[in-house]
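Chemist: My questions concern the predicted model and sequence given below.
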Amino acid sequence: MRSYAVFAQFYDELTANVGYAQRAEYFLALCERLGHTPGLTLDLACGTGSLTLELFQRGIDIYGVDGSVEMLSEARGKCMEAGADILFLCQRMQALDLYGTVDTVICSLDSINHLTGAGEVQQVFDKVSFFMNPGGYFFFDLNTLYKHENILGNHTFVYDMKHVYCVWQNRLAGNSGRVDIQLDFFQREGKCYLRSGERFSEYAYPIGEVLAMLGKAGFGNIHLYDELTFDPPKPDSQRLVVAAQKQ
């Protein structure tokens, strides 16, 4: 099964509390804090394009890349309804191949955690660096080991939404920091419920290793923040934001 092939049709409803407008404002404030003009911007692993659209509506020259055809179909439909002509490309992060260079790359909502191993993370960092102009910034967030062990862990979450009933089951894989996720969707059709599902894993990467990989890819002037703040990370931070400049 392709990753997010089923999840795509329910993704926006299940993530309605994410606050994409707030995240768009945060990344713009982060650019201002660092004295960086966004310029041509890439939303990497853009999913259904909610953040892409929010930034576009704030005047950012942006396009999106994602590896899921189904996610991009949702993104394209959403942007067409909003009258926003945004380019979307179907590419896996590890195989990023742009038409030219960009000034800013944003990769949000723990997309980096979906990469299966340090080798893939390094591939993504190398690709982003290759297609980024010197002085450009790479902004991304990632779930922490604390979140994987204490918040996601071996827990089950149930979402009773208007159009879907979802059971979200997590299983922590020993001491590896990996969380295996099983999603079961129940969608009403007449007097019956249709069940579908999806499986994927998220990996927690030690921040020291992440910083070393960024350096190897040609990034420096690296800043770390607690999610949606300009505060330094805390022991119980659930998600970190990283800002790294192409040297």
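Modeler: Arrived safely.

Chemist: Report the separation between Asp141 and Arg171.
Modeler: 23 Å (Cβ to Cβ, to the nearest Å). C-betas here are computed from N, CA, C, even on glycine.

Chemist: ok, now Leu183?
Modeler: Leu183 sits 13 Å away from Arg171, going by Cβ to Cβ.

Chemist: can you check Thr101 too?
Modeler: From Thr101 across to Arg171, the span is 41 Å (Cβ to Cβ).

Chemist: Likewise for Lys246?
Modeler: Going from Lys246 to Arg171 by Cβ to Cβ gives 38 Å.

Chemist: Please tell me how far the residue lying farthest from the centre of the chain sits from Ala217.
Modeler: Most distant residue from the mean C-alpha position of the chain: Lys191, 36.3 Å away (Cα atoms, centre = their mean). Lys191 sits 55 Å away from Ala217, going by Cβ to Cβ.

Chemist: now stretch 200-216: mean pLDDT?
Modeler: Averaged over stretch 200-216, pLDDT sits at 97.

Chemist: An error on my part: the question was meant for stretch 71-90.
Modeler: 97.

Chemist: domains of the chain?
Modeler: Domain assignment for the chain by automatic domain parsing gives 8-144+204-246, 147-202.

Chemist: need the helices for this structure, in chain order.
Modeler: 8-14, 20-33, 50-56, 69-81, 118-130, 145-147, 207-216 (DSSP state H).

Chemist: Please name the nearest non-neighbouring residue to Asp126.
Modeler: Ala217 (4.9 Å; Cβ to Cβ, 6 or more residues apart in numbering).

Chemist: Quick check, that neighbour in contact with Phe125.
Modeler: Yes - using Cβ atoms under 8 Å, Ala217 is in contact with Phe125, at 3.9 Å.

Chemist: Could you pull out the strands in the protein for me?
Modeler: 41-44, 62-66, 88-90, 102-107, 132-143, 156-160, 165-172, 178-189, 192-203, 219-226, 239-246 (DSSP state E).

Chemist: Who are the packing partners of the first one?
Modeler: Yep, that's strand 41-44 we're talking about. Where contact means 3 or more Cβ pairs under 8 Å, 6 or more residues apart in numbering; DSSP states H and E, strand 41-44 is packed against helix 50-56, strand 62-66, strand 102-107.

Chemist: Those into a markdown table, with extra columns for mean neighbour count, distance to Asn17 and mean pLDDT?
Modeler: Formatted as a markdown table, the helices and strands packed on strand 41-44 follow (neighbours: other Cβ atoms under 10 Å; distance: least, Cβ to Cβ, whole Å; pLDDT from 0 to 100):
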| stretch | mean neighbour count | distance to Asn17 | mean pLDDT |
| --- | --- | --- | --- |
| helix 50-56 | 24 | 12 | 98 |
| strand 62-66 | 25 | 21 | 98 |
| strand 102-107 | 24 | 20 | 98 |
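
Chemist: May I see the ones you listed organised as a markdown table, with distance to Met161 added?
Modeler: Converted to a markdown table, the helices and strands packed on strand 41-44 look like this (distance: least, Cβ to Cβ, whole Å):
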| stretch | distance to Met161 |
| --- | --- |
| helix 50-56 | 16 |
| strand 62-66 | 23 |
| strand 102-107 | 26 |
